[in-house]
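In: below is the sequence, then the predicted model.
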Amino acid sequence: MSSLIRGVIHGRTIELAQDTGLPEGQVVAVSVQPISPRLPPGDGLRRSAGTWAEDARDLDEYLDWNRQQRKRSRTDSAS
């Protein structure tokens, strides 16, 4: 018998989401694979923004500066 049952780790104990149907004390083999939690909409983007996530004004200034640098490098190479 083999089945996939989700659980939550609490220290050295795994709390299973459902009953296994196995008797108390049954020896089992366990393979542990982390499951990525579902994030609320937009949260992944906020997390990936790193330090910019809380400082939108500085990010806007940096992006404007970056655009100007790119424009400048195009006009310099076109000469």
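Out: Yep, that arrived.
In: hmm, which helix or strand of this protein has the shakiest average pLDDT?
Out: Using mean pLDDT, DSSP states H and E, the weakest-scoring helix or strand in the chain turns out to be helix 43-48, at a mean of 80.
In: what's the separation between Glu24 and Val30?
Out: Distance of Glu24 to Val30, given as C-beta to C-beta, to the nearest Å: 16 Å. Using the backbone N, CA and C atoms, a C-beta is placed for each residue, glycine as well.
In: what's the first helix or strand after the least confident helix or strand of the chain?
Out: helix 56-78 (DSSP states H and E).
In: list the buried residues of that following helix.
Out: Using 16 or more other C-beta atoms under 10 Å as the test for burial, helix 56-78 gives no buried residues.
In: contacts for that helix?
Out: Outside helix 56-78, the residues within contact range by C-beta atoms under 8 Å, 6 or more residues apart in numbering are Ala49, Trp52.
In: now it: average pLDDT?
Out: The average pLDDT within helix 56-78 is 83.
In: how far out from the middle of the chain is the least confident helix or strand of the chain?
Out: How far helix 43-48 lies from its chain's middle: 8 Å, per C-alpha atoms, centre = their mean, to the nearest Å.
In: go through that helix and flag the buried ones.
Out: Going by 16+ other C-beta under 10 Å, helix 43-48 has no buried residues at all.
In: could you say what helices and strands it packs with?
Out: Helices and strands touching helix 43-48, by 3 or more C-beta pairs under 8 Å, 6 or more residues apart in numbering; DSSP states H and E: there are none.
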